[in-house]
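give the three-dimensional model of this entry:
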Amino acid sequence: MTAAGLQAPPPVARLFQFVAFSVYTYTIYYSVFYVNVPPLSRNYAIAGKAKFLTQWNLLIRLRDFLFCSICLPSCIFVSTVFWGLYAIDRELIFPKRVEKYYPNWVNHCSHSLIVVTALVESLLSPHYQPSRGASFKALLTWFTTYLLWVLYLGLIHDVWVYPVMQVLSPVGLTAFFIGCFIIVLALHLAVTSIIEDYGHCGRAICHQRHDRFRLEVYDYILSQNF
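Down below sits the predicted model:
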């Protein structure tokens, strides 16, 4: 048992984490130094790659609370919305002219593989599952912060991060954001249920481990002569 009260992940989980870490380390390196897509507009270079939820998403691969609350639902959201819009009209999210600058494998690592790695991680490795209320507040704060960032770039600098935002009317854009919030909420509920029912970090299991760890600490304190 680790210091956090959770069992150490099995060797296969460690191997998977190493492979996933290596893949995304190289993906981020390649994306930063070799992927140079020409700006879609005069001001589009503002904020660089920090405009994109994909980049924010790759930077929050932290343990436990952030993983269960933000990373897992965010990965699924990114992939769902990206490929959903791509299926409707790729020009809304990934214009064809961008394809020659953005390799296909980088695209799939950024928008497809993230779901696989996040789900496998949740099923193989133990995490302490936070309460639904706390995790939803964290996810809502994260998503709202990114939404405000996107609106700031669009309204102040006239840089709309994704092409779909350029073609929508104010009413349409509002409806789009509301729809995104609904999708995030639905994903949060679904992901929480999956983790609790099938994951290696089901809340009941983790609580039992955490309680067992606290009892061990309590017994140790009682055994000492102060």
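
where's H188, which helix or strand?
Following DSSP states H and E, one finds H188 within helix 170-198.

got the buried residues for that helix?
Across helix 170-198, burial judged by 16 or more other Cβ atoms under 10 Å covers L173, F176, F177, I183, V184, L187, H188, V191, T192, I195, E196. The C-beta positions use only the backbone N, C-alpha and C, and glycine is treated the same way.

columns distance to I70 on top of the residues you listed, output as CSV?
What follows is those, written out as CSV (distance: Cβ to Cβ, whole Å):
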residue, distance to I70
L173, 24
F176, 21
F177, 18
I183, 15
V184, 10
L187, 11
H188, 10
V191, 10
T192, 12
I195, 13
E196, 17
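
how about low-confidence regions in this protein?
Within the chain, the segments meeting pLDDT under 70 span 1-10, 37-65, 126-130, 195-226.

quick one: the helices in it?
With DSSP state H, the ranges of helices along the chain come out as 11-33, 53-58, 64-66, 72-88, 104-111, 113-124, 132-157, 163-167, 170-198, 203-223.

measure T141 to T117 for me?
T141 is 24 Å from T117, where distance means Cβ to Cβ, to the nearest Å.

with neighbour numbers in mind, choose between these two.
A count of neighbours by other Cβ atoms under 10 Å puts T117 above the other of T141 and T117, at 19 against 12.

just give the nearest non-adjacent residue to G154, would you?
Excluding the flanking residues, the one nearest G154 by Cβ to Cβ, 6 or more residues apart in numbering is W160, at 4.6 Å.

please save the CA atoms from stretch 134-141 in CSV.
Output of stretch 134-141 as CSV, limited to C-alpha atoms (Å, rounded to 0.1, in the frame of the first residue of the first chain):
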residue,chain,number,x,y,z
ALA,A,134,-16.4,18.3,-5.8
SER,A,135,-15.3,16.8,-9.2
PHE,A,136,-18.2,18.6,-11.0
LYS,A,137,-17.3,21.9,-9.5
ALA,A,138,-13.7,21.4,-10.6
LEU,A,139,-14.7,20.5,-14.1
LEU,A,140,-17.2,23.4,-14.4
THR,A,141,-14.5,25.8,-13.2
